[in-house]
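Colleague: predicted model and sequence follow; I will ask about them next.
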Amino acid sequence: MKAYSHMRRPCGNNSQEVTGSHTFEKSGNFKVLNLREMAFIHLDIRCLYTLLICTAFGSTLSSNAEIKVNPPQDFEIVDPGYLGYLYLQWQPPVSLDNFNKCTVEYELKYRNVDSENWRTIITKNLLYKDGFDLNKGVEAKIHALLPRQCTNGSEVQSSWSEATYWISSQGNLDTKIQDMDCVYYNWQYLLCSWKPGMGAHLDSNYSLYYWYDSLDRALECIDYIQAKGKNIGCRFPYLESSDYKDFYICVNGSSESQLIRPSYFIFQLQNIVKPLPPDYLSLTMKNSEVNLKWSIPRGPIPAKCLIYEIEFTEDDTAWVTTTIENEIYITRTSNESLQLCFLVRSKMNIYCADDGIWSEWSDEQCWKGDIWKEILLFFLVPFVLVSLFVSVVTCILLYKQRNLLKMVFHTKKRRPF
């Protein structure tokens, strides 16, 4: 039997044979390998497997490296004249012919300039609308996204397109109005008031404009509140379908001697509602339990939208509690209490608004049962004493009158004829 020695170099050229001391036997169609040769064959298989993985991974990387998408075109922020409600619009990237069967998505980020946080939107549309505070600048950026099914399993993003928007800052800052205050009374009547800017000249006057989603254009106030011929507020007309929407206001001004800086505001009207105070309060007591009850404020505010704050006083002790019902039971701290009083005010609750304004306090309602007894005794005792005195005096007078009559009668009887 002829002896051979066979050795392979790892991941190298397999055509060379090297003679050594290790042998295998050949019997028919089978070879019997020793341990060293089996180890080299296993090493060859591992090298082949590694080479296949590297080839496949390199092919994938090469494929992904070739897939690119351009950023959206013509990205801009457009002001349609709605006092802060802006349009962010763009056009699709160029060279999308290779992705006709893929839907391109867009990641949009935007914020007011001094805000720390970006708002992020993923959309397939070419237009997005939202409200901004125009007292500050606006910045936005957008890029295109290719879904995984179009890019061999990995998402491909374009570079960012950016846009900014600023209202021209005409006029000095101290010409802006001060102390803007808006209240939606009883969810029916909106009233806003302000003070002139500290740096505004005497000939300055202000105008108010407003807009919300149901209007096709911004409107000017038609019922100004005035003081000394200057506009210091606005009474709004009935605002149809204005609830749960952003309500935009701009107050600008005019002067012959200077420019006036405009002011911009955004409200949600349900968050500035001030209800009417409750009325028809009643306080009844049974043993130590006190029942406080009141009527739901008049107007269009649903009962489920109200919360109540109750201030309860027992003699010289006062405390406050809240409830969403128009009735509450309280236990007296002492059965010897001389006076129990309470009053109530109302506000929009968290089920209908994020915030609200407390109503005025109702009239006070009190229970003074024991005091009435004291008052009764206070008047009754003097009355009884006076009545007793009058009765005694009357009896004495009657008695004296009777004796006087007797004396007169006896005197007439003794007189001779």
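Modeller: Yep, it's here.
Colleague: measure Asn326 to Gly81 for me?
Modeller: Separation of Asn326 from Gly81 (CB to CB, to the nearest Å) stands at 45 Å. Backbone N, C-alpha and C define where each C-beta goes, glycine included.
Colleague: hmm, I typed the wrong one, I wanted His143.
Modeller: 29 Å.
Colleague: grab the nearest non-local neighbour of Asp114.
Modeller: Nearest residue to Asp114 in three dimensions, chain neighbours excluded: Lys136, at 5.7 Å (CB to CB, 6 or more residues apart in numbering).
Colleague: do the same with Leu239
Modeller: Leu190 (6.2 Å).
Colleague: neighbour-wise, which of His143 and Gly81 wins?
Modeller: His143 (21 against 9; other CB atoms under 10 Å).
Colleague: correct me, but the more buried one touches Gln157?
Modeller: Yes. Using CB atoms under 8 Å, His143 is in contact with Gln157, at 5.6 Å.
Colleague: shared neighbours, these two?
Modeller: Here His143 and Gln157 have Glu107 as joint contacts, going by CB atoms under 8 Å, 6 or more residues apart in numbering.
Colleague: and the residue nearest to Asp114, how many residues sit next to it?
Modeller: Using other CB under 10 Å, Lys136 has 15 neighbouring residues.
Colleague: mind checking the SS state of it?
Modeller: The three-state label for Lys136, taken from DSSP: H, G, I helix; E, B strand; the rest coil, comes out as coil.
Colleague: one more: Tyr110?
Modeller: Secondary structure, three-state DSSP: Tyr110 is strand.
Colleague: what residues are up against the closest residue to it other than its chain neighbours?
Modeller: With CB to CB, 6+ apart as the measure, Ala140 is the residue that lies nearest to Tyr110, at 3.8 Å, once sequence neighbours are left out. Residues near Ala140 by CB under 8 Å, 6+ apart: 75, 77, 88, 108-111, 162-164.
Colleague: strand partners (parallel or antiparallel) of the helix or strand harbouring Ala140?
Modeller: In the assignment (DSSP states H and E), Ala140 maps to strand 138-146. Partner strands for strand 138-146, per DSSP bridges, with pairing direction: strand 105-112 (antiparallel), strand 156-157 (antiparallel), strand 161-165 (antiparallel).
Colleague: save those strands as a markdown table, and put in mean pLDDT, mean neighbour count and distance to Asp213 too.
Modeller: Shown next, in a markdown table, are these (pLDDT from 0 to 100; neighbours: other CB atoms under 10 Å; distance: least, CB to CB, whole Å):
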| stretch | mean pLDDT | mean neighbour count | distance to Asp213 |
| --- | --- | --- | --- |
| strand 105-112 | 95 | 18 | 19 |
| strand 156-157 | 86 | 15 | 33 |
| strand 161-165 | 96 | 16 | 20 |
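Colleague: next, name the residue at the spatial heart of this structure.
Modeller: Closest to where the C-alpha atoms of the chain average out (CA atoms, centre = their mean) is Asp354, at 4.3 Å.
Colleague: quick one, what contacts that one?
Modeller: Neighbours of Asp354 in contact, by CB under 8 Å, 6+ apart: 268, 271.
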